[in-house]
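Colleague: Model the structure of this input:
(4 chains)
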2 protein chains.
Amino acid sequence: MGKLLEPTRRERQREATYDEIVRASRALLADGAELSLRAVAARMGLTAPALYRYVASYQELVDLVAFEIDKAATETFRAAAEALPANDLGGRLVVSVTEFRQWALGSPREFSLVFANPVADGSCVRRELLTLASSGHLFTDQMRALWEADHHPLPALEELPPAVRGAVLDPLIPAEVDGLAEGDRGIVWLYMQGWTRLYGVVALEVFGHMDPRVIESGDMFVDVMREFAPKLGLAQDLDRLEQLIRARIAQGIGPASDAEQPA
Amino acid sequence: MGKLLEPTRRERQREATYDEIVRASRALLADGAELSLRAVAARMGLTAPALYRYVASYQELVDLVAFEIDKAATETFRAAAEALPANDLGGRLVVSVTEFRQWALGSPREFSLVFANPVADGSCVRRELLTLASSGHLFTDQMRALWEADHHPLPALEELPPAVRGAVLDPLIPAEVDGLAEGDRGIVWLYMQGWTRLYGVVALEVFGHMDPRVIESGDMFVDVMREFAPKLGLAQDLDRLEQLIRARIAQGIGPASDAEQPA
DNA sequence: CGTTTACTGTTAACGGCGTTCACACAAATG
DNA sequence: CATTTGTGTGAACGCCGTTAACAGTAAACG
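Modeller: Got it, this is the predicted structure:
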């Protein structure tokens, strides 16, 4: 395995084709069309069977596209955070998850692809996708930075149920735990709790199983954030954080208004 | 429109066919197969176009089946509640939602059909479905009974954000608010909060976007319940309620073990 | 250099899907 | 009785994922 350098011409070409597959797929979704092998192929100017040189099945295409969509969306969440001062870690986290919500509401098909795509049994490969989710890493990194700055109280390991203790010691979720003392692994449980709360509101809102007026105002989202933030040592910041959320919500749904580089 | 009595022979026949459509659809899902017009028709011994005499489109079939599945599942949630004394309203609620979780984990396709089926724009018809959800009515009825028994504190109307105030005064969710003073409409906001929390854990678990060990143990579900129960005046009952949850979880996934009448 | 190999694309075809249309037949209606 | 209404069929259209056999072109090798 000694070909680290110099990707051959063919390899570059192949990589470019993968990129084009992803671009065509995203364009399809953005146009409101269904994601299908045939449609992607047609958009690329080739026939459906050709795509089988790159993905083994439709599901694999979905996984590929979902991964890349999550990755690209995460960059917008990160950008939103970086509009705030580097020392406002609470604000950065809150702004990122709010951007996540706005993205989800504006891109429901994409959200479903990434986050409502049953991982079911797919034992090996799809489990990795869970651990590799870009957005997950962003949020957990932000939560960790927050804790390392103020060392707010964490759930104690010995208070956690056995299964949770096992899960936080050997995490299967997208979280970086290197250099984290075992005694501080309670923070991983906070990751999971936070993600559960966040996912709940956003999924419910995206699927429309909630009063439209509450979706439109974002009040349930704010409510969930206010309830969870104190666990991250942000109790005294609640009102300011709510203002940050509402300011972003007021800008409307979808990407903040910054487009992507076309080429 | 004066034919209230005596459903004609044809009407009875038609109703029976609808029943058979639902039965065939549920059998299909239970067999792990996909729900499709052709498969349902084949299972009934007829051809696909014939189904268009009963549903206008595939989506309408899905809506019909989803509604009936929710209705049937709700009866098992209710049955679980009624295994407890009539005065243990907190226990009944907790046991019902636990049954809901176990059902969801054991019937992921059915859960997705009912609760992850984007309601999106379908302005008129599908909105009604939201309001008619049987499970929703069960849970909100139980929460209301709980409040009427002990009058635990409710969020005050004037503290609620304007959009929420509007939503609780004229609710679009499956909740019975007749005979509920306007000043007590804060309970509707509790409905929404509770449903959001519950939906979050369960959907995340069903879609597998959570550490499998935490799903298996049910610890996140327990955590969410413990966090929310105090809002229903159940703070002093937490440990007992957790025992109820864990007892049911220990019985395993799926319907408690009581089958349905084969007819 | 030429030859062989590997890669990338094609066309044709299979079975399945939702959906439409023209048509046949039985049952209720007058 | 004749007529309308309801309920089914068969054929067809255009999608879909997927497979198989085949062509051409670029890289790799002797």
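Colleague: For the rest of this, base every contact and every neighbour count on C-alpha atoms.
Modeller: Will do.
Colleague: what comes into contact with stretch A:169-184?
Modeller: A:130-134, A:136-137, A:140-141, A:154, A:156-157, A:185, A:188, B:210-211 (C-alpha atoms under 8 Å, 6 or more residues apart in numbering or on different chains).
Colleague: should've said stretch A:199-214
Modeller: For stretch A:199-214, the surrounding residues in contact (C-alpha under 8 Å, 6+ apart) are A:101, A:104-105, A:108, A:215, A:220-221, A:224, B:115-120, B:130, B:163-164, B:166-167, B:171-173, B:192, B:196-201, B:203-204.
Colleague: Pull out the buried members of those residues.
Modeller: A:101, A:104-105, A:108, A:215, A:220-221, A:224, B:115-116, B:118-119, B:130, B:163-164, B:167, B:171-173, B:192, B:196-201, B:203-204 (16 or more other C-alpha atoms under 10 Å in any protein chain shown).
Colleague: Hmm, A:V95 is touching A:A79, no?
Modeller: No. Contact between A:V95 and A:A79 fails when scored by C-alpha atoms under 8 Å: they sit 9.7 Å apart.
Colleague: Near the residue of the stretch 101-250 of chain A found nearest DNA strand D, how many other residues are there?
Modeller: Minimum separation of the stretch 101-250 of chain A from DNA strand D (C-alpha to the nearest atom of the strand) falls at A:L113, amounting to 13.5 Å. Close neighbours of A:L113, defined as other C-alpha atoms under 10 Å in any protein chain shown, add up to 19.
Colleague: Give the helix, strand or coil label for it.
Modeller: helix (DSSP: H, G, I helix; E, B strand; the rest coil).
Colleague: where does the nearest residue to A:L232 once chain neighbours are set aside land in three-state SS?
Modeller: Nearest residue to A:L232 in three dimensions, chain neighbours excluded: A:H152, at 6.6 Å (C-alpha to C-alpha, 6 or more residues apart in numbering or on different chains). Three-state assignment for A:H152 (three-state DSSP): coil.
Colleague: what's the helix or strand for the residue sitting nearest the centre point of chain A?
Modeller: Central residue of chain A (C-alpha atoms, centre = their mean): A:S135, 2.8 Å from the mean position. Take DSSP states H and E as the rule and A:S135 turns out to sit in helix A:134-150.
Colleague: So which other helices or strands are in contact with that helix?
Modeller: When contacts are defined as 3 or more C-alpha pairs under 8 Å, 6 or more residues apart in numbering or on different chains; DSSP states H and E, helix A:134-150 packs onto helix A:58-82, helix A:89-106, helix A:186-207.
Colleague: does any part of stretch A:44-55 sit near DNA strand C?
Modeller: Yes. Stretch A:44-55 reaches DNA strand C (C-alpha under 7 Å from any atom of the strand) through A:45-51, A:53.
Colleague: Endpoint to endpoint, that stretch covers what distance?
Modeller: Stretch A:44-55 has an end-to-end distance of 15 Å (C-alpha to C-alpha, to the nearest Å).
Colleague: Go back to the residues of stretch A:44-55 next to DNA strand C and keep what's next to DNA strand D.
Modeller: Okay, of the residues of stretch A:44-55 next to DNA strand C touching DNA strand D (C-alpha under 7 Å from any atom of the strand), that's A:48-49.
Colleague: so which of the residues of stretch A:44-55 next to DNA strand C is the most crowded?
Modeller: In those, the most neighbours by other C-alpha under 10 Å go to A:L51, 21 neighbours.
Colleague: any idea how far that residue lies from A:R109?
Modeller: From A:L51 to A:R109 the distance is 22 Å (C-alpha to C-alpha).
Colleague: go on, A:V95?
Modeller: 22 Å.
Colleague: Look at the two and report which has more neighbours.
Modeller: A:V95 (27 against 20).
Colleague: So which residues of the stretch 151-263 of chain A form helices?
Modeller: A:162-169, A:186-207, A:212-217, A:219-228, A:238-250 (DSSP state H, counting those that start in this stretch).
Colleague: and those, which is most packed in?
Modeller: helix A:186-207 (a mean of 22; mean count of other C-alpha atoms under 10 Å in any protein chain shown).
Colleague: Tell me which two in the residues of stretch A:44-55 next to DNA strand C are the farthest apart.
Modeller: Pairwise distances across those peak at 15.0 Å for A:G45 and A:R53 (criterion: C-alpha to C-alpha).
Colleague: still on that earlier bit, dump the residue contacts of the closest residue to the residue of the stretch 101-250 of chain A closest to DNA strand D other than its chain neighbours.
Modeller: Computed as C-alpha to C-alpha, 6+ apart, the closest residue to A:L113 that is not its neighbour in sequence is A:A66, at 5.9 Å. Shown in contact with A:A66 (C-alpha under 8 Å, 6+ apart): A:110, A:113-114.
Colleague: and DNA strand D, which of the contacts of stretch A:199-214 contact it?
Modeller: Counting by C-alpha under 7 Å from any atom of the strand, no member of the contacts of stretch A:199-214 reaches DNA strand D.
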